[in-house]
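>>> fold the following, please.
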Amino acid sequence: MIEFEEKLNKEQLKVVYEGDGPCLVLSGPGSGKTRTLVYRVAYLLGKNVPPNRILLLTFTKRAANEMISRINSLTMKKEGEVLGGTFHHAANFFLKKYFKKIDYLSNFIILDEEDSRSLISSIIKEKGKKDSLKAPVAQRIFSLSINSLKEIDEIIEDYFEYLDTNAKECALGIYKEYCKRKKENNLMDYDDLLLNWNNLLLIPEIREEISKQFEYILIDEYQDTNTLQNEIVKKISQAHGNILVVGDDSQSIYSFRAANIGNILNFPKTFKNSKLFKLELNYRSTPEILEVANRVIRSNTQKLEKNLKSTIKSGFPPAIVSFPNSSMEARFVYEKIKEKDLSKTAVLFRAHYHAVELEMELLKRNIPYNLRGGVRFFEQFHVKDIIAFLKIFLNFYDEMSWQRLLLRQEKIGEAGAKKIVKEIFKRKSMKEFLKEKEEIVSLIRTSTAKEKAKNFFLIIEEAQEKDTDKKINLFLSKFYNHFLDISFENSLERKKDIKKLIEVSEKYESDEKMISDFSLSEDYQKESPKGGAVTLSTIHQAKGLEWENVFIISLREGDFPHLKSLDENLLEEERRLFYVAVTRCKQNLFLTYSTYNFKSKKVSTPSRFIKETSLLKEESYPINDEEVVEDSDEWEFF
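Here you go, the predicted structure:
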């Protein structure tokens with residue numbers, strides 16, 4: 001016998017007992033939404049609802065497995081009776097059952113992301129479009145188009161406006177061929193699973209059959225659903241109308257993945273006569289931390305009202321700390337981190353490049369850290385490319401750097417790069433190589449490779465006597481910007497990383513000293529430290545996690561919120577991102593920013609989000625060159 005009243009609070013019990021019909025459960029962070037869903041399903045099973053009449057949809061396989069396991073533990077039911085899993089898992093289930101209705105064979109193969117990218121890449125190569133658009137970017141365009149139910153042209157305009165006309169024109173042709181190849185070979189990629197499930201539900205008799213099968217439908221993280229998923233949900237819930245979705249509009253931060261906040265905001269309009277439940281009791285954070293979160297999110301206009309309330313006793317007020325420059329900010333974070341339990345501490349940031357100087361500080365001080373969702377700044381593909389470009393001017397015979405750079409040139413493969421490097425090294429110096437570069441170019445066979453190598457050699461010649469920032473900017477403008485645009489879906493973020501690299505380089509006496517410091521990261525912590533490590537993470541990667549101590553850094557206007565996110569809709573998502581960051585913290589919250597930008601030589605202002613906490617008085621920070629110092633034991637607390 002399950003003692004619901006002993007295990008759940010009043011808010012959660014209301015959902016469990018009264019969750020029939022269309023229901024929106026507005027669940028704040030740390031409010032026990034998973035527990036509520038688990039007990040709701042257990043309650044239904046206790047009321048003798050057959051397990052195969054319940055559908056539980058989540059966003060990760062791990063979350064689904066955890067919920068099903070907890071449900072089975074509560075009810076003593078055998079695993080697998082409730083159909084639970086991701087949207088894609090459910091889609092595959094129904095497509096295997098009704099494959100004939102969409103003109104597929106029963107043994108259709110699902111392409112994973114790598115296989116999908118390989119197929120797209122082969123099509124691009126066949127069409128001779130490799131220099132216009134590369135597979136990762138094309139794959140991203142296609143995925144966004146399907147999940148948002150928008151045309152290819154519209155997606156490029158919304159997400160990839162920086163692509164040139166040639167790239168935009170070839171995207172549609174590649175997509176048509178990609179769809180044709182998949183159908184001919186009985187293949188589906190992940191996005192096809194959802195698209196074909198929706199197409200299946202457009203058939204009236206199939207929609208009715210599937211809709212009647214599930215008397216109760218429960219969906220987790222509804223704020224993260226996209227337009228296509230929302231269309232599926234509307235169709236499968238038609239027969240019984242028992243659709244219960246759990247989510248938090250204030251944690252909707254994935255529009256770049258096609259998540260549509262309108263799905264949760266408009267739920268009461270989409271599903272008539274719906275009930276609204278609120279889970280506002282927070283079991284994670286102190287009242288002081290929740291006050292910051294509540295105050296800031298009030299500035300958003302597109303939201304469903306709620307107010308987080310803590311179940312934890314009062315703690316320390318969040319600390320807001322300002323510094324003259326980012327080096328001092330990094331030093332402060334290090335000083336505080338070393339006093340904490342590293343495994344219970346996280347540093348969060350809007351973008352990876354905001355944490356570059358902190359990474360350097362932790363490396364120098366031998367503080368172990370784990371970077372969630374990526375590699376260390378200096379080990380990133382594009383950063384290593386820039387470092388390789390600088391290295392060939394420091395050491396003409398750096399074979400690895402030459403080969404790395406030559407492989408970025410169109411139509412030059414590994415064998416070709418090795419031959420070119422061999423020819424380069426027949427010269428005794430950079431000066432001699434540049435003098436005889438035309439002779440080396442003449443030995444290259446294909447015309448495209450000749451042209452690319454020639455242009456690359458001209459960039460080297462033009463850059464040889466320039467300062468570091470001018471070297472990098474020349475490499476970017478003459479070649480690398482275009483390479484990033486056609487190669488990576490997040491090219492804009494990569495360009496920001498490189499700008500940060502330029503800023504960091506200005507603090508070094510020489511490129512040689514900077515590169516020497518960077519090389520520390522390559523052999524750093526190959527094994528997990530026994531005493532634990534501090535977590536460094538973008539806020540997007542930190543969602544769903546929690547730590548006792550949290551630092552949110554680089555909170556200055558233009559960094560967070562980002563400069564290009566200042567129109568109303570984008571700004572509201574930036575504010576939701578800050579809300580997510582704050583609510584990761586259980587006890588000790590530090591909000592930090594620097595006021596001086598080394599590159600622009602200008603004073604920056606604190607993020608509007610800091611001002612919106614109402615904890616920081618407006619003050620000016622007059623700083624001139626003489627007042628900016630690299631090391632100081634004094635920081636100003638507000």
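
>>> quick one: E557 and F393, what's the gap?
Distance of E557 to F393, given as C-beta to C-beta, to the nearest Å: 36 Å. Bear in mind the C-beta positions are built from the backbone N, C-alpha and C, glycine included.

>>> the helices in the stretch 301-450 of the chain, which residues?
326-337, 356-364, 381-394, 399-406, 414-424, 430-435, 437-442, 447-463 (DSSP state H, counting those that start in this stretch).

>>> my bad, should have said the stretch 501-638 of the chain
All helices of the stretch 501-638 of the chain, identified by DSSP H, counting those that start in this stretch, fall at 511-518, 539-542, 568-582, 608-612.

>>> can you redo these as CSV with mean neighbour count and distance to F483?
Formatted as CSV, these follow (neighbours: other C-beta atoms under 10 Å; distance: least, C-beta to C-beta, whole Å):
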stretch, mean neighbour count, distance to F483
helix 511-518, 16, 21
helix 539-542, 19, 25
helix 568-582, 21, 27
helix 608-612, 20, 35
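
>>> and the closest residue to C585 other than its chain neighbours, what does it touch?
Distances taken as C-beta to C-beta, 6 or more residues apart in numbering place V550 nearest to C585, at 3.7 Å, with adjacent residues excluded. Neighbour list for V550: 345-348, 581-582, 584-585, 588-590 [criterion: C-beta atoms under 8 Å, 6 or more residues apart in numbering].

>>> what is the nearest of the residues you listed to L218?
R584 (25.4 Å; C-beta to C-beta).

>>> skipping adjacent residues, who's closest to S442 in space?
Closest to S442 by C-beta to C-beta, 6+ apart is K450, at 7.8 Å.

>>> isn't the one you found up against V441?
Yes - K450 lies in contact with V441 (C-beta atoms under 8 Å); the separation is 5.6 Å.

>>> and these two? which has more neighbours close in?
Taking neighbours as other C-beta atoms under 10 Å, K450 and V441 compare with V441 leading, 19 against 16.

>>> please report the distance of the more buried one from D559.
43 Å.

>>> which SSE is L133 in?
Per DSSP states H and E: L133 is located in neither a helix nor a strand.

>>> and it, how far from N166?
8 Å.

>>> ok, L172 next?
12 Å.

>>> now S122
Counting by C-beta to C-beta, the separation of S122 from N166 is 20 Å.

>>> now do T468
For T468 relative to N166 (C-beta to C-beta), the value is 32 Å.

>>> looking at these two, which one has more neighbours?
Between T468 and N166, counting by other C-beta under 10 Å, T468 is the more crowded of the two (19 against 13).

>>> next up, the contacts around the more buried one.
390, 502, 505-506, 511, 514.

>>> now for those: which two are most distant?
L390 and E506 (13.5 Å).

>>> the two: which is more packed in?
Shown here are L390 and E506; by other C-beta under 10 Å, L390 has more neighbours (21 against 12).

>>> report pLDDT for that one.
Note on L390: pLDDT of 94.

>>> in terms of pLDDT, where does E79 sit?
48.

>>> ok, then the element right after the helix or strand L57 falls within?
L57 belongs to strand 54-58 when assigned by DSSP H and E. Sequence-wise, the next helix or strand downstream of strand 54-58 (DSSP H and E) is helix 61-75.

>>> any idea of the angle that following helix forms with strand 54-58?
140 degrees (axes from the mean of the first three to the mean of the last three C-alpha atoms, to 10 degrees).

>>> what residues sit buried inside helix 61-75?
Buried residues in helix 61-75, counted by 16 or more other C-beta atoms under 10 Å: 63-64, 67-68, 70-72, 74-75.

>>> wait, what's in contact with the closest residue to I68 other than its chain neighbours?
Nearest non-adjacent residue to I68, counting by C-beta to C-beta, 6+ apart: G84, 4.7 Å away. Listed by C-beta under 8 Å, 6+ apart, the contact set of G84 reads 55-58, 64, 67-68, 71.

>>> so G84 belongs to a strand, correct?
Yes - when DSSP: H, G, I helix; E, B strand; the rest coil is applied, G84 is found to be in a strand.

>>> what residue ranges in this structure score low on pLDDT?
Counting by pLDDT under 70, the ranges of the chain that qualify are 77-80, 129-131, 519-531, 597-602, 615-638.
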